[in-house]
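Engineer: dropping a prediction and its sequence here:
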Amino acid sequence: MIQVKNMSFSVPDKQILNNITFSVEQGKFVGIIGPNGSGKSTMLKIIYRHLKQTSGLVTLYEKDILDISQKKLAQELAVVSQETPVLFDFTVKDLVMMGRTPYKKWLAADNQEDFAIVEESMMLANVLHLENRTFSQLSGGEKKRVMLARALAQQANILILDEPTNHLDIEHQYQLMDLVKELPITIVAALHDLNLAAGYCDELLVMNHGALYTAGTPEQVLTEETLREVFRMLAGVSKNPFTKKLHLFFYTND
Amino acid sequence: MTRPRFALLMAVLAAGLLASMTFAVMVGSVDITPRLIWEVIFSKLGIFIATDASKAQTVIIWDIRFPRILLAAIAGAALAICGAAIQALVKNSIADPYILGVSSGASVGAASVILLGAFSVLGVYAISLAAFLGAIFAVMIVFILARVNGRLSVIRLLLAGIAVSMVLSAITNFMLMMSKQQGGIQAVMHWMLGSLAGAKWSNLGIPFFSLLLVFILLIMNYRQLNALLIGEETAATLGVNLDLFRIFIILFVSLLTGVVVAVSGSIGFVGLIIPHIVRMMVGSNYKVVLPISALMGAIFLVWADMAARIVMAPEEMPIGIITAICGSPFFIWMLRRKRYSFGDGE
């Protein structure tokens, strides 16, 4: 459903992304991994059209995203970015209601359907009990979940997450990944924790120095060689005995 | 904030505004009873009510005090909603409607009329027109400076606003320095601190309809304003066309601020503190913030103008001094409070 063709992005003096091509199929959970500065966030920003690529093409349902109106795109694609909100103070309910913005014409009031969707989204993201709290009083994990609820209220077919588990404790990391994994929509997520990526993603894209190094299932991609070449880490590849998912054990030679 | 609470607050504030305006008409060198005020107003509006008001009282109520108080309410409401909108636009809680250069541009316009006699063919409207043109000119320069590679950056907008304001203030100060006319210098100073003394029925129409138009446009876009408060990136992913929306806000806010400044001088502080007070009371949802700000701004300026008229009577105190003296201590008290977030996300 999403196709990226020969995407490059540069700022003066620096090439950030170099000739990236891949596609994302409907319903898949695609993880993007790579070291700091490898271009993960930049690539996601181009896909959700916050930045404009220098060359190449991003298409959604075979249509150039630059030809899709901002509103229409927001109905198809929801984003939980790394941007830390929030200026001023909103209640959780008000914030999640903002997810309905792309469906609203001028002056249209929030209707029963919106309230139902907002409530369902808050329930899914496990923040319903916080609905009347103000956002600034919440903990980091709660804030992330509220932003996720807001994205869910957008009822988009694609959800883009930029390092969603950042700043979350271990329980909330897994809780969030479980929640996202259960969603019947396409997910594209930049992830730092490779074991989390291995455990949840259907497909992984490995980025290195602004280029796509390799792509495939976690088993195909997360090899000792990839880890050495891209992440500069020694690792043993094994299986998590409880989940039967691929698991990495890192070590150094010291 | 729940719907019934919002409705109640609106009703209380609307009643408060009417009461304040009535009281403001009563205050002055000639005492007038509230009953007389409403009799005169109703009879002027064509609703026949027998009135005991003498001819002189009618003139004082209807032609002198009432337009001035209406203008205070209009200017207060306009500056408050413009302040709220600008704070959302630049995502910065220290912003006020003048941050884009409106007041310094208007000052240059007004000073050149008063001191240099520009536009003198236009007679009494010369100051207003020159102030308005100066304001719009300043915003245009700021806007052009802030636009780089076809994109408008918020921080450039703020800095360009500061830079342009400085240059324009320097020009005004230069004109003041070089002027030999003591009366003219005082008139410019008075104008820069704001005064509603020039209010007449004939110059209320444009401010009123500008306020109405901009208020309706802003309230129709409250969702976009809210989205901007969470962050540009998020706003864009919620379907807000950032560039267009920013231009739209800048255009209409500058227009309304320019119109208000043209008739009342640059009254400071209202556009900064009222949105903060309102957010402290009701939260940041602009659906609620905009109408409440309008009413609070109107009430605040009606009282400030009343004070301006009476503290040094029969001399007039510039209203800008009143708004700053009354507003600042309150603002300081507010920023010392821990509970209120000024938008740094803490």
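Structural biologist: It's in.
Engineer: what sits closest to residue B:247 if chain neighbours are left out?
Structural biologist: Spatial nearest neighbour of residue B:247, excluding adjacent residues (CB to CB, 6 or more residues apart in numbering or on different chains): residue B:152 at 7.3 Å. The way it works is simple: take the backbone N, C-alpha and C, and place the C-beta from them, glycine included.
Engineer: quick check: phi and psi at the one you found.
Structural biologist: phi -100, psi 120 (degrees, to the nearest 10).
Engineer: for it, give the beta-bridge partners.
Structural biologist: Beta-bridge pairing for residue B:152 (DSSP bridges): residue B:147.
Engineer: and it, how many residues sit next to it?
Structural biologist: 16 (other CB atoms under 10 Å in any protein chain shown).
Engineer: do the same with residue B:274
Structural biologist: With other CB under 10 Å as criterion, residue B:274 counts 30.
Engineer: got the contact list for it?
Structural biologist: Residue B:274 sits next to B:76, B:79-80, B:83-84, B:293, B:296-297, B:300 when contact means CB atoms under 8 Å, 6 or more residues apart in numbering or on different chains.
Engineer: what does chain A have sitting close to chain B?
Structural biologist: By the rule CB under 8 Å from any CB of the partner chain, the part of chain A lying against chain B is A:45, A:48-50, A:70-75, A:77-79, A:81, A:83-91, A:94-95, A:98-99, A:101-102, A:104, A:106-107, A:134, A:136, A:154.
Engineer: and residue B:24, how many residues sit next to it?
Structural biologist: When neighbours are defined as other CB under 10 Å, residue B:24 has 22 of them.
Engineer: buried set for the helix or strand where it lies?
Structural biologist: Taking DSSP states H and E as the definition, one finds residue B:24 inside helix B:3-26. For helix B:3-26, a neighbour-count test (16 or more other CB atoms under 10 Å in any protein chain shown) marks B:6, B:9, B:13, B:17, B:20-22, B:24-26 as buried.
Engineer: among those residues, which one lies nearest to chain A?
Structural biologist: Nearest to chain A out of the buried residues of helix B:3-26 is residue B:6 (CB to the nearest CB; 12.6 Å).
Engineer: quickly find the element holding the nearest residue to that closest one once chain neighbours are set aside.
Structural biologist: In this structure, residue B:6 finds its nearest non-sequential neighbour in residue B:288, 5.7 Å apart by CB to CB, 6+ apart. Using DSSP H and E, residue B:288 sits in helix B:286-310.
Engineer: between that helix and helix B:3-26, how many degrees?
Structural biologist: Counting by axes from the mean of the first three to the mean of the last three CA atoms, to 10 degrees, helix B:286-310 points 20 degrees away from the direction of helix B:3-26.
Engineer: packing partners for helix B:286-310?
Structural biologist: helix B:3-26, helix B:66-90, helix B:205-220, helix B:222-230, helix B:270-282, helix B:319-336 (3 or more CB pairs under 8 Å, 6 or more residues apart in numbering or on different chains; DSSP states H and E).
Engineer: for residue A:249, which of these is the nearest?
Structural biologist: helix B:222-230 (39.9 Å; CB to CB).
Engineer: now for the closest one, which elements pack on it?
Structural biologist: With contacts defined as 3+ CB pairs under 8 Å, 6+ apart, the secondary structure elements packing on helix B:222-230 are helix B:66-90, helix B:232-237, helix B:286-310.
Engineer: tell me what angle it forms with helix B:286-310.
Structural biologist: Orientation check (the same axes, to 10 degrees): helix B:222-230 against helix B:286-310 gives 90 degrees.
Engineer: which residues sit against helix B:222-230?
Structural biologist: Here helix B:222-230 makes contact (CB under 8 Å, 6+ apart) with A:85-88, A:90, A:94-95, A:98, A:101, A:104, B:85, B:88-89, B:91, B:218, B:234-235, B:238, B:240, B:245, B:284-287, B:290.
Engineer: helices of chain A, start to end?
Structural biologist: Using DSSP state H, the helices of chain A run over residues A:40-47, A:70-76, A:92-97, A:112-124, A:140-153, A:170-182, A:194-200, A:218-221, A:224-229.
Engineer: got those helices as JSON lines, with distance to residue B:164 and mean pLDDT columns?
Structural biologist: Compiled in JSON lines, those are given as follows (distance: least, CB to CB, whole Å; pLDDT from 0 to 100):
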{"stretch": "helix A:40-47", "distance to residue B:164": "31", "mean pLDDT": "92"}
{"stretch": "helix A:70-76", "distance to residue B:164": "30", "mean pLDDT": "92"}
{"stretch": "helix A:92-97", "distance to residue B:164": "35", "mean pLDDT": "91"}
{"stretch": "helix A:112-124", "distance to residue B:164": "42", "mean pLDDT": "92"}
{"stretch": "helix A:140-153", "distance to residue B:164": "37", "mean pLDDT": "89"}
{"stretch": "helix A:170-182", "distance to residue B:164": "46", "mean pLDDT": "89"}
{"stretch": "helix A:194-200", "distance to residue B:164": "49", "mean pLDDT": "92"}
{"stretch": "helix A:218-221", "distance to residue B:164": "54", "mean pLDDT": "92"}
{"stretch": "helix A:224-229", "distance to residue B:164": "53", "mean pLDDT": "91"}
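Engineer: redo these as TSV? Include mean neighbour count.
Structural biologist: Output for the helices of chain A, formatted as TSV (neighbours: other CB atoms under 10 Å in any protein chain shown):
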stretch	mean neighbour count
helix A:40-47	22
helix A:70-76	19
helix A:92-97	25
helix A:112-124	17
helix A:140-153	24
helix A:170-182	16
helix A:194-200	22
helix A:218-221	18
helix A:224-229	15
